[in-house]
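In: with the sequence up front, the predicted model follows.
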Amino acid sequence: MKRLLVLCVCVLSVSYLPGCHKQNSTVQVPKATSSFPPFLAGTWITSSPETPGWQIVLTPEGTVSSAITCYMGTEIRPNQTTKVELKYGGFSTFTAGDCPVGYDPVTRELSVVIYIEKFHTKFEDIVEDGYMKNIFSGKVSDDGKSWVPEWMEFFDYGPGLQQDPNDAYNGVLPFAKVADWKKK
């Protein structure tokens, strides 16, 4: 319960920074310290059959190298735009913002934000524009092979798909470390 309270305070603090709810704004980035442990660097994937598809790659410097969300299935990189051709015509572009990472060695709490600052999808006459921000925060196991964060999601997919502010919490989403860091 204490961990959930701390997570809520952190999320609310980040959420109410100036401009965090606007598509073209940036998220404040917590600076990774030199104490970011090397054992955390590598590829983390969701180990939950209910929500497969998440992959987060962390660098030895304590930054996000890339991420794949369970919604897009497309690799994104912080502060870059990715364009995807859709199977039956049309396209989507995803512009990732800063994706901050934080780690507390005392509590073993790892926090990662995956921020899609803007996405645009065009398929026939349908156009959708919006943003999404996913926040993961939780304890890493003693052996460094699993991470069980609380998952908060904030989004706006356009006029027809706006989020109810009370629906940000998605629950716990377990991750497993499947590979150590390898620079591409």
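Out: Now that the structure is in, tell me what you want to look at.

In: and the strands in the protein?
Out: For the chain, the strands defined by DSSP state E cover 42-46, 55-58, 64-68, 75-76, 81-85, 91-96, 101-104, 109-123, 126-140, 146-156, 169-172, 175-180.

In: among those, which is nearest residue 36?
Out: strand 101-104 (5.7 Å; CB to CB). To be clear about C-beta, it is placed using only N, CA and C from the backbone, and glycine gets the same treatment.

In: for that closest one, name the packing helices and strands.
Out: For strand 101-104, the elements it packs on are strand 109-123, judged by 3 or more CB pairs under 8 Å, 6 or more residues apart in numbering; DSSP states H and E.

In: give me the buried stretch members for the strand it packs on, please.
Out: Within strand 109-123, the residues that count as buried by 16 or more other CB atoms under 10 Å are 109-121.

In: center of this structure, which residue is that?
Out: In the chain, the centroid-proximal residue (CA atoms, centre = their mean) is residue 114; its distance is 2.2 Å.

In: contacting residues around that residue?
Out: When contacts are counted by CB atoms under 8 Å, 6 or more residues apart in numbering, residue 114 touches 56, 64, 67, 69, 76, 96, 99, 133, 134, 136.

In: mind giving me JSON lines with the strands of the chain and columns for mean pLDDT?
Out: Formatted as JSON lines, these follow (pLDDT from 0 to 100):
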{"stretch": "strand 42-46", "mean pLDDT": "95"}
{"stretch": "strand 55-58", "mean pLDDT": "96"}
{"stretch": "strand 64-68", "mean pLDDT": "95"}
{"stretch": "strand 75-76", "mean pLDDT": "92"}
{"stretch": "strand 81-85", "mean pLDDT": "92"}
{"stretch": "strand 91-96", "mean pLDDT": "92"}
{"stretch": "strand 101-104", "mean pLDDT": "93"}
{"stretch": "strand 109-123", "mean pLDDT": "92"}
{"stretch": "strand 126-140", "mean pLDDT": "90"}
{"stretch": "strand 146-156", "mean pLDDT": "89"}
{"stretch": "strand 169-172", "mean pLDDT": "80"}
{"stretch": "strand 175-180", "mean pLDDT": "94"}
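
In: which one of these lies closest to residue 35?
Out: Comparison of those against residue 35 by CB to CB identifies strand 101-104 as nearest, at 7.8 Å.

In: so for the closest one, what gets flagged as buried?
Out: Quick answer for strand 101-104 (16+ other CB under 10 Å): 101, 102, 103.

In: which residue packs closest to the last one, ignoring adjacent ones?
Out: What it means is residue 103. Among residues not flanking residue 103 along the chain, residue 110 sits closest, at 5.2 Å (CB to CB, 6 or more residues apart in numbering).

In: appreciated, that's everything.
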